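In: kindly generate the corresponding structure for this input.
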Amino acid sequence: MTATPPLLPGATDASGRPTTLGVMGGGQLGRMFVQAAQAMGFSTAVLDPDADSPAGLISHHHIRSAYDDPKGLAQLAQCSDAITTEFENVPAPALASLAALRPVAPGAASVAIAQDRAAEKAHFERCAADNDGVRPAPHASIDTPEQLAAVADGLLPGILKTARLGYDGKGQARVKDRAELAAAWDRLGRVPCVLERLMPLRAECSVIVARGADDQCVSFPVQKNTHRDGILAVTEVYEGAIDPALARRAQAATMAIARQLGYVGVLCVEYFLVDDGRGGLDLVVNEMAPRPHNSGHYTQNACDVSQFEAQVRAVAGLPLRAPVQHSPAIMLNLLGDLWFAPNARHAQASDTPVTPPWDEVLALPGTHLHLYGKASARPGRKMGHLNITGPTVAAVRGTAAKALALLGLPPL
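Out: The predicted structure is shown next:
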């Protein structure tokens, strides 16, 4: 995607058609992109096969087709002036076909690398010289029985991950020795995998950057993340959450990764904080997501520009400016389990969904509830998030503790 004149909010073409931003995917990330685009004055179009997709329900246009359907793609290109994506598993060839007709950000080549762990790690290795030596964990690709047999002893114990389509802890298995490795590869269907050495993990963090086609690149603050059962549970963003020197390294590394990809749009890169063997911590790059990210949801209420507005700006070719965080923040991920679990109002678990006590949660200072418009709750389904902001770190952590207790969630 090369730099072109920016798309101006509220503008129309000669026929009176409003400037329209399209998005591949109709989930919650697409919904929040659509909301940000509409708030700025753009019309929006969503391509998603689900008639009840959260983004499709609120968009000006909802094209209900498969992501690789030529007719649907042609329709999206016809009604859009620029196109983005809200999830990394959108077919890269579909993005390539759209790019022949309209500006597309991120491009198919960047998305294809993010879809393949082996290619992704190779890219991270290539970037190491420009990002202060931040590298992925030692690893090996396993595509064949011969590669399985040739795995170095130093990679065990490790984590075996499918090269494609794994997310939220799916498609992964911890393995202690060669026997467990072979059994895990069998269970995963002997598909191409990557084995990563198990690292001495102390914490996890992520960085979100936005880059334009003109090479403007800006970074949001570094987010400290807590995962439970492989799914992001809590994000904390405030002074002291992450060592400042490590935070600067992570931001610089993320910008290098984006620039070497020629990336345009919003990119999230996740990192492990590991023992460095000298009593300190070091950074290990884990994976990237070519889209806004759960860990960046706090930006909606704690920054002067949200990750979704940054995505709109990058896609439309509008100026990017460095986001400013004006409040300490904690984000709580809200899964469908909350609708069935005990909480402050219901002492017993329920077999049918029961609305959580949002009135009590929203009575707490600095709470901002974001639900995604999904028709039904089920365990493991991402239903929304709660952003908590306040004047001080102590205030935000205190409110978060009360909200977690009301919702029946584990403490920080």
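
In: number of residues surrounding residue 5?
Out: Neighbour count of residue 5, defined by other CB atoms under 10 Å: 6. Every residue, glycine included, has its C-beta placed from N, CA and C.

In: and residue 41, by the same measure?
Out: 12.

In: then residue 114?
Out: Burial of residue 114 is recorded as 24 neighbouring residues (other CB under 10 Å).

In: contacts only, for it.
Out: Contacts for residue 114 (CB atoms under 8 Å, 6 or more residues apart in numbering) come out as 88, 120, 287, 288, 289, 290.

In: how about the nearest residue to it, chain neighbours excluded?
Out: Among residues not flanking residue 114 along the chain, residue 290 sits closest, at 4.6 Å (CB to CB, 6 or more residues apart in numbering).

In: need the buried ones from the contacts of residue 114 selected in PyMOL.
Out: Buried members of the contacts of residue 114, defined by 16 or more other CB atoms under 10 Å, are picked up in PyMOL with:
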select buried, resi 88+120+287+288+289+290
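
In: narrow the contacts of residue 114 to those in strands?
Out: Of those, the ones assigned to strands by DSSP state E are 287, 288, 289.

In: so what's the first one bridging to?
Out: This points to residue 287. Judged by DSSP bridges, the bridge partners of residue 287 are residue 270.

In: list the contacts for it?
Out: Contacts for residue 287 (CB under 8 Å, 6+ apart) come out as 114, 117, 120, 269, 270.

In: quick one: which of those residues is nearest to residue 189?
Out: If you rank the contacts of residue 287 by distance to residue 189 using CB to CB, residue 117 comes first, at 15.5 Å.

In: from what I can see the closest one touches residue 163, true?
Out: Yes: between residue 117 and residue 163 there is a contact under CB atoms under 8 Å: 4.7 Å.

In: pLDDT score assigned to residue 210?
Out: On the pLDDT scale, residue 210 is placed at 98.

In: can you list the contacts of residue 114 in a markdown table and add pLDDT?
Out: Putting the contacts of residue 114 into a markdown table (pLDDT from 0 to 100) gives the following:
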| residue | pLDDT |
| --- | --- |
| 88 | 88 |
| 120 | 96 |
| 287 | 95 |
| 288 | 96 |
| 289 | 96 |
| 290 | 97 |
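
In: for residue 277, state which of the contacts of residue 114 is nearest.
Out: Nearest to residue 277 among the contacts of residue 114 is residue 287, at 23.5 Å by CB to CB.

In: residue 235: neighbouring residues, count only.
Out: Number of residues near residue 235 (other CB under 10 Å) recorded here: 26.

In: quick one, helices of the stretch 251-400 of the chain?
Out: For the stretch 251-400 of the chain, the helices defined by DSSP state H, counting those that start in this stretch occupy 299-302, 307-316, 358-362, 393-407.

In: now find how far off-centre the shortest one is within its chain.
Out: Translated: helix 299-302. Centroid separation for helix 299-302 versus its chain: 15 Å, with CA atoms, centre = their mean, to the nearest Å.

In: same question for that helix, mean pLDDT?
Out: Per-residue scores along helix 299-302 average to 98.

In: returning to what we had before: farthest pair within the contacts of residue 287?
Out: 117 and 269 (13.7 Å).

In: beta partners of the residue nearest to residue 75 when sequence neighbours are not counted?
Out: Leaving aside its chain neighbours, residue 75 sits nearest to residue 63 (5.1 Å; criterion: CB to CB, 6+ apart). Residue 63 has these beta-bridge partners by DSSP bridges: residue 47.

In: kindly report the same for residue 135.
Out: Assessed by DSSP bridges, residue 135 has beta-bridge partners residue 284.

In: what helices or strands is the one helix or strand in the chain whose mean pLDDT sits lowest leaning on?
Out: Lowest on mean pLDDT, DSSP states H and E among the helices and strands of the chain sits strand 172-175, with a mean of 93. Counting contacts by 3 or more CB pairs under 8 Å, 6 or more residues apart in numbering; DSSP states H and E, strand 172-175 packs against strand 158-162, helix 178-187.

In: 10 Å instead, please
Out: Counting contacts by 3 or more CB pairs under 10 Å, 6 or more residues apart in numbering; DSSP states H and E, strand 172-175 packs against strand 158-162, helix 178-187, strand 193-197.

In: now the first one - C-alpha only, CSV.
Out: What that stands for is strand 158-162. Extracted as CSV, the C-alpha positions of strand 158-162 are listed here (Å, rounded to 0.1, in the frame of the first residue of the first chain):
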residue,chain,number,x,y,z
GLY,A,158,9.0,-27.0,25.3
ILE,A,159,5.7,-26.0,23.8
LEU,A,160,4.5,-27.5,20.5
LYS,A,161,2.3,-25.1,18.6
THR,A,162,0.5,-25.6,15.2
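
In: listing partners with orientation, what would you give for it?
Out: The strands beside strand 158-162 in its sheet (DSSP bridges) come out as strand 172-175 (antiparallel), strand 193-197 (antiparallel).

In: got those as CSV, with distance to residue 307 columns?
Out: Shown next, in CSV, are the strands paired with strand 158-162 (distance: least, CB to CB, whole Å):
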stretch, distance to residue 307
strand 172-175, 26
strand 193-197, 27
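
In: give the buried residues for stretch 41-51.
Out: Those would be 42, 43, 44, 45, 46, 47, 48, for stretch 41-51 by 16+ other CB under 10 Å.

In: nope, stretch 7-25 is what I was after
Out: Buried residues in stretch 7-25, counted by 16+ other CB under 10 Å: 7, 9, 19, 20, 21, 22, 23, 24, 25.

In: pLDDT score assigned to the third one?
Out: Spelled out, it's residue 19. Per-residue confidence (pLDDT) for residue 19: 98.

In: just the last one next, same as before
Out: You'll see residue 25 listed with a pLDDT of 97.

In: which ones are touching the residue lying closest to it once chain neighbours are set aside?
Out: Leaving out its chain neighbours, the residue that sits closest to residue 25 by CB to CB, 6+ apart is residue 86, at 3.8 Å. Neighbour list for residue 86: 23-34, 46, 48, 55, 291-292, 308, 311 [criterion: CB atoms under 10 Å, 6 or more residues apart in numbering].
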